[in-house]
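Student: kindly generate the corresponding structure for this input.
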Amino acid sequence: MIPAASRRRGCSCSSRAVLGLALTSLALSFLLARAFPLLDPDEGRNAEVAREMAESGSVLVPTLAGMPYLDKPPGFFWAAALAIRTFGATPWAARLPAAVAASLTLWLFGIWAARRLPPRTVVLALGFLATAPLFAILSAYVIFDIPLTLCVTALWMLLAEEVERGPGTLRRGAMFAAVAAGVLIKGPVMLAWALGGSLGAAILLRARTPLRWLRLPLGWLIVLGTAGGWFALASARFPEYPHYAFVEESLERVATGSFHREAPPWFVPVILVAGALPWSLATPWTMRISRMARVGLGFVLFAVLFFTASHSKLATYLLPCFPPMALVAAESWHGAGNTRRGAWRVMAVYAALAIVLAAVGWGRMSPPLKHIVQPHQSTAFALAAVFAILSGIAVLGALTRRAGFTLAALLAFTPVTLAVAGPALIEYASSQSGEPLGTAIASVAPKGAVRFERCYSAGAVYTLGGRSGLLSERGVETTSTYQTRYRETLLARGQWTILSRISSPDTAAVIVRPNRTPDEIPPAGMKVFFRDRRFIAYRWIEPTTDPAARPGGR
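Tutor: Here you go, the predicted structure:
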C-alpha cells in the first residue's frame, strides 16, 4: 500500500503538471488561432453571428445578416460575443471560447484523474488528449463542439465519481448544470449524450448505478429553469421555433438525409482512429481498465451506435469521445510487456506513414489526385523524413526498453505535423476563407457599402465589421437552414433583410459575385480588383461620392 503522504505528494506533482499542460495547450491553441484565417462557411458564419450579437447587444436571439439565426442556441455566441467586445473582431477573439474550453477540459480532466490514478497515467492521458489531431486543431476553431466536449466530459467524470463514492446532492446538481450548459451551447443533442452515455456506462458496468442520477426531479428543474427558460422566451417571440428545434433540427437531422450530411457506416470508426493518430493505432489496447474509465467508455459506446445510425454525420460530433478514449489508452500502456509491444507498434505506424507520404511525394497516386498533391510534394517529403526519424526513435525505445523514447515519439505527431505542414495548411485555409476578400475590400472601400450577389462570405463580412447586403432569390447563401426554411415567415414579420432587387441609385461601392466563368462581364462602370476560386469582386472605375452619378450596378 502506498503511504498517504506519498499519495499526497504524487497528487500535488500531478496537479502542477496538469496545470502546466492545460496552460501549454491554451498557448498553442492561441498560436493556431492567430496563424490561420477564419474558414467559410462554418467559422465565418459563427464568428459573424457572435459579432452581430456583440454589436447589437441583443443576447436573446442570435442574428446573421440582421435576421434571426435559430439554428443553434445562444450559449456559444454569448462567450464569443464577450470575447469580441473585449478584444475586438479578430479571428483569434472569435476562437477564444473554444481555446479556453479545450484548456478547461484538459485541466478538469487532469485534476479529476490526479486524485485517482498514478501521475504517469494522468500525464499520459492528458498528453494523448492534447495531441489528438482533431482535438488539437478544433481547439482553435469557432465551433460549438469543443465547449460541448467540456460539458460532456464534466458529466461523465462526475458520473464516474458517483459510481465510485455514491450519490451526492451537490455533485448531481453539477451534473445537471453541465447538461443545461450543453443544451444552451448545442441544443437537444446534449440530452442524448446525457441519457445515452449513462445507459452505455450502465451496460459496461452491468449495473443500474449510472442511471440513478436521472431520477432527480430538482436536477431537471435546473435544466428547465436555465436552458428551458431561454427556450420559452425564444419560442414566445418565434412560435415556429419549437417545431424547428425538436422536429427539423433534431429528429429530421438524425432520421433523414435532408441536411446532406450522410456518410457510410465506417465513417465513425475512421474518424475516431484518424482523429487520435498515432496513439489510436499504436496503443496496446486492453479492457483491464478502471471503473471510471469504463464509465467514460460508455459514452463512447453511445456515440458509436448513435452517430453510426444517424443520417447526419460530421467529424466534430465525435469530439466528446476523445477524453475517455485518452484515459483508456493511458491505462493500456501499463506494464513492461505492453510498453514493448506499443513501442513496436509506434515504429510500424510511423514507418507506414513515412512510406505513404514518400509515395505521395514521388507522385505515386491516382491521376485525379495529382492536381491536389503535386503543389505540396515538398511538404510530403518533409513529413516522410520526420516520420522516419520518429519511427527510429520508437525503435530505440523498444531496443533500450526506455518508455520515454517511445512516448516522446508518440506525442510528437501533431506538433511536428503542424510545424512542417503549417505553410501548406495556411495556404489551403486561405483558399477556404473569406478573410482575403474582406481585407481586399477594406483596402479599396474602407467605408463603402458592399453587396454580395448570389454568393456570400460571412468571414469577409466579419473582417469588414458588417456593412454588407445580399442579393438573392431564396437566401440559401447564408447557409442557415432556419432562415431558408422560414423565409416567408420572416418576410411577413418584416425580418427578412436579403435584397430582392437593387435599389436605384445603386449605393454599393463594391459588388461581389461568384467566380463561375473566366469571362464574367463586369457591372457597367466597374472593374475587377479581387478574384479567387470562389469570388470575384468589382469596384467603380471612377470613384464618386454621388451614387446618382454612377452608371448603375448591373
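Student: how about low-confidence regions in this structure?
Tutor: 1-13, 363-375, 543-554 (pLDDT under 70).
Student: what about the strands in it?
Tutor: Assigned by DSSP state E, the strands in the chain fall at 63-64, 67-68, 449-453, 468-471, 508-514, 526-531, 535-540.
Student: okay, those in CSV with distance to residue 183 next?
Tutor: C-betas here are computed from N, CA, C, even on glycine. Below are the strands of the chain laid out as CSV (distance: least, Cβ to Cβ, whole Å):
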stretch, distance to residue 183
strand 63-64, 21
strand 67-68, 19
strand 449-453, 33
strand 468-471, 31
strand 508-514, 37
strand 526-531, 41
strand 535-540, 37
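Student: quick one: which of these is nearest residue 230?
Tutor: strand 67-68 (14.0 Å; Cβ to Cβ).
Student: what is that closest one packed up against?
Tutor: Packing partners of strand 67-68 (3 or more Cβ pairs under 8 Å, 6 or more residues apart in numbering; DSSP states H and E): helix 481-485.
Student: ok, how many other residues are close to residue 336?
Tutor: Other residues lying near residue 336 total 9 when counted by other Cβ atoms under 10 Å.
Student: please name the residues that touch it.
Tutor: If you count contacts by Cβ atoms under 8 Å, 6 or more residues apart in numbering, residue 336 has them with residue 401.
Student: for residue 73, same thing?
Tutor: 183, 184, 185, 186, 187, 227, 230, 231 are the contacts of residue 73 under Cβ under 8 Å, 6+ apart.
Student: hey, where'd the helices end up in the stretch 251-400 of the chain?
Tutor: Shown for the stretch 251-400 of the chain, the helices assigned by DSSP state H, counting those that start in this stretch span residues 253-255, 267-274, 279-282, 291-309, 322-332, 336-361, 367-373, 377-400.
Student: for the fourth one, packing partners?
Tutor: It refers to helix 291-309. For helix 291-309, the packing partners by 3+ Cβ pairs under 8 Å, 6+ apart come out as helix 145-165, helix 189-205, helix 267-274, helix 322-332.
Student: now do the longest one against helix 189-205, angle only.
Tutor: Interaxial angle, helix 145-165 versus helix 189-205 (axes from the mean of the first three to the mean of the last three Cα atoms, to 10 degrees): 40 degrees.
Student: give the buried residues for helix 145-165.
Tutor: For helix 145-165, the neighbour count (16 or more other Cβ atoms under 10 Å) marks 145-163 as buried.
Student: ditto for stretch 410-428
Tutor: Using 16+ other Cβ under 10 Å as the test for burial, stretch 410-428 gives 410-414, 416-418, 420-421, 424-425, 428.
Student: next one: stretch 190-205
Tutor: Under the neighbour-count criterion of 16+ other Cβ under 10 Å, stretch 190-205 has 190, 192-194, 196-202, 204-205 buried.
Student: roughly how far apart are residue 298 and residue 125?
Tutor: Residue 298 is 17 Å from residue 125, where distance means Cβ to Cβ, to the nearest Å.
Student: related to what we said a few turns ago, compare the helices of the stretch 251-400 of the chain and give me the one nearest residue 119.
Tutor: Of the helices of the stretch 251-400 of the chain, the one closest to residue 119 (Cβ to Cβ) turns out to be helix 322-332, at 11.2 Å.
Student: okay, now residue 537: neighbour count?
Tutor: Neighbour tally, residue 537, other Cβ under 10 Å: 23.
Student: so residue 38 sits against residue 434, correct?
Tutor: Yes: here residue 38 reaches residue 434: they are 7.1 Å apart, a contact under Cβ atoms under 8 Å.
Student: between these two, which contacts overlap?
Tutor: Common contact partners of residue 38 and residue 434 (Cβ under 8 Å, 6+ apart): 44, 459, 462, 463.
Student: so what's the closest residue in space to the last one that isn't next to it in sequence up against?
Tutor: In space, residue 463 comes closest to residue 438 once its chain neighbours are excluded; the distance is 2.8 Å by Cβ to Cβ, 6 or more residues apart in numbering. If a contact means Cβ under 8 Å, 6+ apart, then residue 438 has 457, 459, 460, 461, 462, 463, 464 as its contacts.
Student: same thing with residue 81?
Tutor: Residue 81 sits next to 50, 51, 53, 54, 59 when contact means Cβ under 8 Å, 6+ apart.
Student: show me where the stretch 1-150 of the chain has helices.
Tutor: For the stretch 1-150 of the chain, the helices defined by DSSP H, counting those that start in this stretch occupy 4-35, 42-56, 75-87, 91-114, 119-131, 133-138, 145-165.
Student: quick one, which of these gets closest to residue 285.
Tutor: Ranking those by proximity to residue 285 (Cβ to Cβ) places helix 119-131 first, at 12.4 Å.
Student: CA atoms only: put that closest one into PDB for me.
Tutor: C-alpha atoms of helix 119-131 as PDB (Å, rounded to 0.1, in the frame of the first residue of the first chain):
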ATOM      1  CA  PRO A 119       0.900  10.500 -12.000                       C
ATOM      2  CA  ARG A 120       2.400   8.800 -15.100                       C
ATOM      3  CA  THR A 121      -1.100   7.700 -16.200                       C
ATOM      4  CA  VAL A 122      -2.500  11.200 -15.700                       C
ATOM      5  CA  VAL A 123       0.200  12.900 -17.700                       C
ATOM      6  CA  LEU A 124       0.000  10.400 -20.400                       C
ATOM      7  CA  ALA A 125      -3.800  10.700 -20.700                       C
ATOM      8  CA  LEU A 126      -3.600  14.400 -20.900                       C
ATOM      9  CA  GLY A 127      -0.800  14.200 -23.500                       C
ATOM     10  CA  PHE A 128      -2.900  11.800 -25.600                       C
ATOM     11  CA  LEU A 129      -5.900  14.100 -25.500                       C
ATOM     12  CA  ALA A 130      -3.900  17.300 -26.100                       C
ATOM     13  CA  THR A 131      -2.100  15.900 -29.100                       C
END
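Student: who touches that helix?
Tutor: 10, 13-14, 17-18, 21-22, 24-25, 105-106, 109-110, 113-114, 117, 135-136, 276, 279, 322-323, 325-327, 329-331, 333-334, 407, 411-415.
Student: can you list the buried residues in that helix?
Tutor: Using 16+ other Cβ under 10 Å as the test for burial, helix 119-131 gives 119, 121, 122, 123, 124, 125, 126, 127, 128, 129, 130, 131.
Student: likewise stretch 335-350?
Tutor: In stretch 335-350, counting by 16+ other Cβ under 10 Å, buried: 338, 339, 340, 341, 342, 343, 344, 345, 346, 347, 349, 350.
Student: now distance to residue 539 too, for the helices of the stretch 251-400 of the chain, in TSV please.
Tutor: Converted to TSV, the helices of the stretch 251-400 of the chain look like this (distance: least, Cβ to Cβ, whole Å):
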stretch	distance to residue 539
helix 253-255	41
helix 267-274	43
helix 279-282	50
helix 291-309	46
helix 322-332	46
helix 336-361	41
helix 367-373	32
helix 377-400	36
